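> Task: produce atomic coordinates for the following.
(one chain, ligands or ions: 1)
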Amino acid sequence: MILTFIEKIERTSDCFSFFFQPPKKLEWIAGQYMQFTLAHDEPDDRGVSRFFTISSAPHEEIIMITTRFAGHTSSTFKKALMSLERGQNISAFEPQGEFVLNDKDKNYIFVAGGIGITPFRSILADLEYKKMSGKVQIQLLYSNRDNEIVFKDEIDNLAVSYNSFKVRYIIYPEICDIGLIRVAVPFYREKTYYISGPPGLVKSVEEQLLADGIRQEEIMLDYFPGY
Ligand SMILES: Cc1cc2nc3c(=O)[nH]c(=O)nc-3n(C[C@H](O)[C@H](O)[C@H](O)COP(=O)(O)OP(=O)(O)OC[C@H]3O[C@@H](n4cnc5c(N)ncnc54)[C@H](O)[C@@H]3O)c2cc1C
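Numbers count the residues shown, from 1 in each chain. A predicted model of the protein is given here:
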């Protein structure tokens, strides 16, 4: 499908959200992603396509993606994305992916590494819209390399509004590992874990949870390669 670029907004000094209008009302499940193709001159060896999670929730109707921009060391794809002008087109495949909440009765721990917050932003906004925020038990463990935390205001507002939602920020050099989880998460063995972000973080947290006896069925993973 062809999406039309509307605007971008700056979230932090190196992180931006991009908004696209779909050709017709698009159905998706909060937490899913799309593959985008942006033709541009002289692409580098990473090419002209990327996967991005849809960081908006379905009721928002617009496609928002949120990504980091590495300045002059960015890929040609990211540079082309940054130079999009209102009305320009980008092509994309239908939303897909299994990193979605299927069972609202479970107790969830969301582990986000940096920009890995994107599926959780969509899921949390979706739950709030559906008036489920006070009913689903969620604790977010959000690791970031510094205090520039994407979606922090929204997340803090949810934590203030709902007892069922808690957030713990983990700022480097503190890291999210099993030692931190044991202390930060009461009854941590009885939870369902959703882990999203750079492959190193996702794999490391998964391995530590498995080694501690958490069952594989209670761990869902979303890898963001390329970081
Ligand atoms: C299912 C899924 C969902 C995803 N969702 C998101 C999302 O919501 N947000 C998001 O930001 N990403 C997401 N990703 C990752 C995304 O697809 C990109 O891989 C990632 O953003 C890196 O982009 P980039 O390759 O353009 O590199 P850049 O972001 O431009 O660069 C990242 C780093 O790689 C270095 N680099 C740049 N070009 C090269 C090169 N040619 N060779 C070697 N190193 C290079 C840069 O110096 C920089 O340090 C997702 C991936 C998947 C599979």
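> closest point of the chain to the ligand, which residue?
Relative to the ligand, the nearest point of the chain is Gly226 (2.5 Å; CB to the nearest ligand atom). C-beta: built from backbone N, CA, C; applies to glycine.
> May I ask which helix or strand encompasses that residue?
Using DSSP states H and E, Gly226 falls within no helix or strand.
> Backbone dihedrals for it, please?
Phi and psi for Gly226, reported as degrees, to the nearest 10, are phi 100, psi -10.
> per-residue pLDDT, it?
Listed pLDDT for Gly226 reads 84.
> Surely it and Arg46 touch.
Yes. Counting by CB atoms under 8 Å, Gly226 touches Arg46, with 7.5 Å between them.
> Put the alpha carbons of stretch 193-210 into CSV.
Extracted as CSV, the C-alpha positions of stretch 193-210 are listed here (Å, rounded to 0.1, in the frame of the first residue of the first chain):
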residue,chain,number,x,y,z
TYR,A,193,7.5,-11.3,30.0
TYR,A,194,7.4,-9.2,26.8
ILE,A,195,10.9,-8.1,25.8
SER,A,196,11.6,-5.6,23.0
GLY,A,197,14.7,-3.8,21.7
PRO,A,198,18.2,-4.3,20.4
PRO,A,199,19.1,-8.1,20.0
GLY,A,200,21.8,-8.0,22.6
LEU,A,201,19.5,-6.8,25.4
VAL,A,202,16.5,-9.1,24.3
LYS,A,203,18.7,-12.2,24.2
SER,A,204,20.5,-11.5,27.4
VAL,A,205,17.3,-10.9,29.4
GLU,A,206,15.6,-14.0,27.9
GLU,A,207,18.6,-16.2,28.7
GLN,A,208,18.7,-15.0,32.3
LEU,A,209,14.9,-15.5,32.8
LEU,A,210,15.2,-19.1,31.3
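> do that stretch and the ligand meet?
No. Against the ligand, stretch 193-210 shows no contacts by CB under 6 Å from any ligand atom, the least distance being 8.3 Å.
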